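Asker: Next one to model:
(one chain, ligands or ions: 1)
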Amino acid sequence: MAFPERRLRRLRRTPALRRMVAETQVGPDDLIAPLFIREGIDQPNPIESLPGVVQHTVDSARREAAELTALGVPAVILFGVPAIKDATGSQSCDPDGIVQVALRALKADLGDDLVLIADLCVDEYTDHGHCGIVRDDGTVDNDATLELYTMAAVAQARAGADIVAPSGMMDGQVAAIRYALDQDDHPEIPILAYAAKYASALYGPFRDAVDVTIAGGGDRKGYQQDPANVRESMEEMEADLSEGADMLMVKPALAYLDVISRARARFDVPLAAYHVSGEYAMVKAAGERGWIDADAVMREHLLGIKRAGADLILTYAARQIAEEHAR
Ligand code: PBG
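Answerer: You can find the predicted model right below:
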């Protein structure tokens, strides 16, 4: 009589039983919704490669932020698309730059009911599309770029950002920003460091969303990480924490679940993962073709990111997940 000793199927028998023993949930509290705000448009502009996502006007961003808040999503991260781009991305630190305008409007509407995270980088604002100051030889000047970031951080904090999130992968950026925020009397503003950010091919639709093309067919491999490496991510995270980061991020998420899991085991600060544009777009595209059930795959992917150890997930599916949760 060789009956199995362990009948693991017993706890899978009904939906309620499965729910009772589920080790992981993804709900609105886990999510951060990215919002794109474009200067100089009077109607929201759909982003073809990100179905369901738009470039917002300030007004439509206000409506979206209020709806996300009502759905229980605790935070948004803002990206600006300025009307004018230049070599130093000067709109990133202008008090009237589009993100600063949006921050002030959202803060006035929602106060402390919604956490306003400002992505802190200059690539959306530069005419060459790089995340910093480009030298004559085409490389990005790390230390000159830090100065831009400190100015952007101060502008964002003054406009009402609750958190700044540096994403440019310059060495020393967290320390420089921490110092600048403290000097400008914002010691209370936390830094969410895009600590382990890879030079990924999965950012394509995002670059459509912010109208960024890197000059001369260039890439970001000189500052973002090589997808081959995981130990290096631990170094990046150690460095960012020692510079004063309050939270860490891994980006992208799905091809880097090992990075998330190692970071979770090693660090005790809140850990975020960015489910990036390409990850979202692939699911939507295959769903549109009828090849997969996009909603189910999206939930499965986000669950995997959470299970790997992320506390927070930045995802374009935030609204959809929160709506499903509300039903
Ligand atoms: C840089 C930035 C990027 C993303 C977020 N911040 C693009 C890049 O590094 O090229 C990508 C996000 C996504 O693909 O969803 N400011």
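
Asker: going forward, measure contacts and count neighbours with C-alpha atoms only.
Answerer: Fine.

Asker: Apart from its neighbours in sequence, what residue is nearest Met298?
Answerer: What sits nearest to Met298 in space, not counting adjacent residues and going by Cα to Cα, 6 or more residues apart in numbering, is Val283, at 6.9 Å.

Asker: residue boundaries of the helices in this structure?
Answerer: Counting by DSSP state H, the chain has helices at residues 15-21, 58-70, 98-110, 142-159, 173-183, 204-209, 231-243, 257-266, 277-288, 294-308, 318-326.

Asker: Just give me the lowest mean pLDDT stretch among those.
Answerer: Of all the helices of the chain, the minimum mean pLDDT falls on helix 204-209 (a mean of 92).

Asker: ok now it, how far from the chain's centre?
Answerer: Mean-position distance between helix 204-209 and its chain equals 13 Å (Cα atoms, centre = their mean, to the nearest Å).

Asker: buried stuff in it?
Answerer: By 16 or more other Cα atoms under 10 Å, the buried positions in helix 204-209 come out as 204-207, 209.

Asker: Also stretch 42-49?
Answerer: Buried-residue list, stretch 42-49, by 16+ other Cα under 10 Å: 44-45, 47, 49.

Asker: distance between the ends of it?
Answerer: 21 Å (Cα to Cα, to the nearest Å).

Asker: does any bit of that stretch sit next to the ligand?
Answerer: No: using Cα under 6 Å from any ligand atom, stretch 42-49 stays clear of the ligand, with a minimum separation of 11.1 Å.

Asker: List of residues touching that stretch?
Answerer: Residues from elsewhere that reach stretch 42-49, judged by Cα atoms under 8 Å, 6 or more residues apart in numbering: 52-57, 60, 205, 208-209, 281.

Asker: since we're on the one residue in the stretch 51-200 of the chain that gets nearest to the ligand, how many residues are nearby?
Answerer: As assessed by Cα to the nearest ligand atom, the ligand sits closest to Cys121 within the stretch 51-200 of the chain, at 4.9 Å. Look at Cys121: counted by other Cα atoms under 10 Å, it has 27 neighbours.

Asker: ranges for the strands of the stretch 1-150 of the chain?
Answerer: Secondary structure of the stretch 1-150 of the chain, counting by DSSP state E, counting those that start in this stretch: strands at 31-38, 45-46, 54-56, 75-81, 115-120, 133-134, 140-141.

Asker: Quick check: closest non-adjacent residue to Gly132.
Answerer: Closest to Gly132 by Cα to Cα, 6+ apart is Thr145, at 5.0 Å.

Asker: so what's the one you found up against?
Answerer: Contacts of Thr145 by Cα under 8 Å, 6+ apart are 132-133, 170.

Asker: Please name the residues that touch the nearest residue to Ala199 once chain neighbours are set aside.
Answerer: Of all residues not flanking Ala199 in the chain, Gln224 sits nearest, at 4.8 Å (Cα to Cα, 6+ apart). By Cα under 8 Å, 6+ apart, Gln224 lies in contact with 168-169, 197-199.

Asker: please redo it, this time with the cut-off set to 10 Å
Answerer: Contact analysis of Gln224 by Cα atoms under 10 Å, 6 or more residues apart in numbering lists 167-170, 195-200.

Asker: Dump the residues you listed into CSV; add distance to Arg13, pLDDT and neighbour count as well.
Answerer: Shown next, in CSV, are the contacts of Gln224 (distance: Cα to Cα, whole Å; pLDDT from 0 to 100; neighbours: other Cα atoms under 10 Å):
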residue, distance to Arg13, pLDDT, neighbour count
Ser167, 45, 96, 24
Gly168, 48, 96, 26
Met169, 48, 95, 24
Met170, 51, 95, 21
Ala195, 42, 96, 30
Ala196, 40, 97, 28
Lys197, 41, 97, 25
Tyr198, 41, 98, 23
Ala199, 44, 97, 18
Ser200, 41, 97, 19
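
Asker: Sweet, I'm off.
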